[in-house]
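*Asks:* Next come a sequence and a model predicted from it.
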Amino acid sequence: MAAKHVKPKLSESQVSEMMKRLFNLTPSVIRSLPSYDDQNFYVASIEGGEYVLKIMNSEDSKNLTIIEVQTHAMSFLHQHGLPAQTAVPTSSGELMSLEEMDCGYGRQKYLVRLLTYLPGVTISKVPLTPKLLYETGKTAARMDEILCKMEHPHLSILERENFLWSLSNVVLLEAYINILDGDPLQPVVKSVIHHYKTSVAPQRSNFRKCINHGDFNDLNVLVQPDNNDGYKISGILDFGDMNSGYYIYELAIAIMYMMTEHPEPIEVGGPILAGWESVHPLNEAEKDCLYFLVLSRFCQSLVIARYSVTMHPENAEYLMISSKSGVRILRNLWELGKEHVEKVWFQSAALLGDKM
């Protein structure tokens, strides 16, 4: 079913009714928040408190167990001092409620959660100083170390074998590569996949396993001003891509997305790496594979976005957000080559690590 048929479309009066019925709260402000295939609202209540009401699309609402694990992970991180949202229980004590309603496509079931509201703006809106990038790497590493300690009866659901966004599944992109026919980028993507098969996959047994957030990107990290004219991380959002993976994946994902927001993308790797290694130093195999894992994530982002646009042209602008700069950065990283890029990253990480 196409996403446009399953996206909920609640009116403000329906949101207001739901807040009262499920949570005994009376909204004073309701504001729509951007989302691709769910529906999110900022809600302030007369009783006090700010929230995000999240209504999942009807397709994802069928996967109750994985959403239960994601909700548990958010709460677990919050308990361990990281700024993640937590779910507010309904008046009957449930953390989510399956609501049946008609949003114009007949009666469908939509999963509803009320999450705490985290203050701040996305990290994409502020200057990415070395200090903030260091903090980003450090936070991502702390997050994965905490998630490693998490227990839940359904953790195995995070294995997600053919999950297209997992860095274990880069080879699955081959099925979509014809979307780039005639594009000068296609040979680069093919070469990256080849190097992934020959250089990364054989070393995977030496990577340290963990649970990945899987989408630690420039729109999922919130920041607030700190006391030194800079910014500090105030929120980690969107656990929908959580999966069983490896520490090195999270680092590669964070570097890749922060590069798309920086005027000198190659300078991003060093500070993030230094912050990451202050918590979780890399082993030799992980160091050797970082460059190709970052490039692999660029390839995933570009190929999946292009494919999604053919499926949902009405969402082209949203889907291509990181593609615009991504094409240029991927080409540049590829032309500079592994040795040069690694030298820049690891030397600046060593220098920064000494200063911080």
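*Replies:* Now that the structure is in, tell me what you want to look at. This structure is a prediction, so every number in the text was calculated from the model and none was measured.
*Asks:* Please state the offset of stretch 255-264 from the chain centre?
*Replies:* 15 Å (Cα atoms, centre = their mean, to the nearest Å).
*Asks:* again, but for stretch 152-171
*Replies:* Taking the mean of its C-alpha atoms, stretch 152-171 sits 14 Å from the chain's own mean (Cα atoms, centre = their mean).
*Asks:* Buried residues in it, which are they?
*Replies:* 157-158, 160, 163, 165-170 (16 or more other Cβ atoms under 10 Å). Just so you know, the C-beta spots here come from the backbone N, C-alpha and C atoms, and that holds for glycine as well.
*Asks:* Helices of the stretch 51-200 of the chain, residue ranges please.
*Replies:* With DSSP state H, counting those that start in this stretch as the criterion, the stretch 51-200 of the chain has helices at 64-79, 130-148, 186-195.
*Asks:* ok, what's across the strand from residue 244?
*Replies:* Taking DSSP bridges as the rule, residue 244 bridges to residue 211.
*Asks:* confidence score at it?
*Replies:* Note for residue 244: predicted pLDDT of 97.
*Asks:* Flag the shaky bits of the protein, pLDDT-wise.
*Replies:* For the chain, the stretches with pLDDT under 70 are 1-5, 312-323.
*Asks:* Going by residue numbers, what spans are helices in the stretch 201-350 of the chain?
*Replies:* Under DSSP H, counting those that start in this stretch, the stretch 201-350 of the chain gives helices at 247-259, 269-277, 284-311, 316-319, 323-336, 338-355.
*Asks:* Could you point out which of these sits nearest residue 192?
*Replies:* Nearest of the helices of the stretch 201-350 of the chain to residue 192, taken as Cβ to Cβ: helix 284-311 at 4.8 Å.
*Asks:* Surely residue 177 touches residue 188?
*Replies:* No. Applying Cβ atoms under 8 Å, one finds residue 177 not in contact with residue 188, separated by 11.2 Å.
*Asks:* So between these two, which is more surrounded?
*Replies:* When residue 177 and residue 188 are compared for neighbours, residue 188 comes out ahead with 21 against 15, by other Cβ atoms under 10 Å.
*Asks:* which ones are touching that one?
*Replies:* When contacts are counted by Cβ atoms under 8 Å, 6 or more residues apart in numbering, residue 188 is found next to 330-331, 334.
*Asks:* quick one, domains of this protein?
*Replies:* What automatic domain parsing lists as the domains of the chain is 3-116, 121-355.
*Asks:* Which of those has the highest mean neighbour count?
*Replies:* Highest mean neighbour count among the domains of the chain (mean count of other Cβ atoms under 10 Å): domain 121-355, with a mean of 18.
*Asks:* Quick check: end-to-end length of that domain?
*Replies:* Terminal residues of domain 121-355 are spaced 27 Å apart (Cα to Cα, to the nearest Å).
*Asks:* chain center to it, what's the gap?
*Replies:* On the basis of Cα atoms, centre = their mean, domain 121-355 sits 9 Å off its chain's mean C-alpha point.
*Asks:* again with stretch 17-28
*Replies:* 29 Å.
*Asks:* Can you lay out the helices of the stretch 201-350 of the chain as CSV showing distance to residue 59?
*Replies:* Below are those laid out as CSV (distance: least, Cβ to Cβ, whole Å):
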stretch, distance to residue 59
helix 247-259, 24
helix 269-277, 34
helix 284-311, 13
helix 316-319, 17
helix 323-336, 24
helix 338-355, 39
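*Asks:* Do I have it right that residue 157 meets residue 66?
*Replies:* Yes. Using Cβ under 8 Å, residue 157 is in contact with residue 66, at 5.2 Å.
*Asks:* Quick test: name the residue nearest the centre of this structure.
*Replies:* Nearest to the mean C-alpha position of the chain, by Cα atoms, centre = their mean, lies residue 215 at 1.9 Å.
*Asks:* For that residue, which residues are in contact?
*Replies:* 165, 238, 240-241, 253 are the contacts of residue 215 under Cβ under 8 Å, 6+ apart.
*Asks:* Widest-spaced pair of these?
*Replies:* 240 and 253 (13.9 Å).
*Asks:* any idea how far the closest residue to residue 289 other than its chain neighbours lies from residue 110?
*Replies:* Using Cβ to Cβ, 6 or more residues apart in numbering and skipping residues adjacent in sequence, the residue nearest residue 289 is residue 200, 4.8 Å away. Distance, residue 200 to residue 110, by Cβ to Cβ, to the nearest Å: 39 Å.
*Asks:* what sits against the nearest residue to residue 197 once chain neighbours are set aside?
*Replies:* Distance criterion Cβ to Cβ, 6+ apart; nearest residue to residue 197, sequence neighbours excluded, is residue 171 at 6.4 Å. By Cβ under 8 Å, 6+ apart, the contact list for residue 171 reads 193, 196-197, 201.
*Asks:* ok, 7 Å please
*Replies:* Neighbouring residues of residue 171 by Cβ atoms under 7 Å, 6 or more residues apart in numbering: 193, 196-197.
*Asks:* do the same with residue 203
*Replies:* So residue 203 contacts 285, 288-289 (Cβ under 7 Å, 6+ apart).
*Asks:* Sounds good, over and out.
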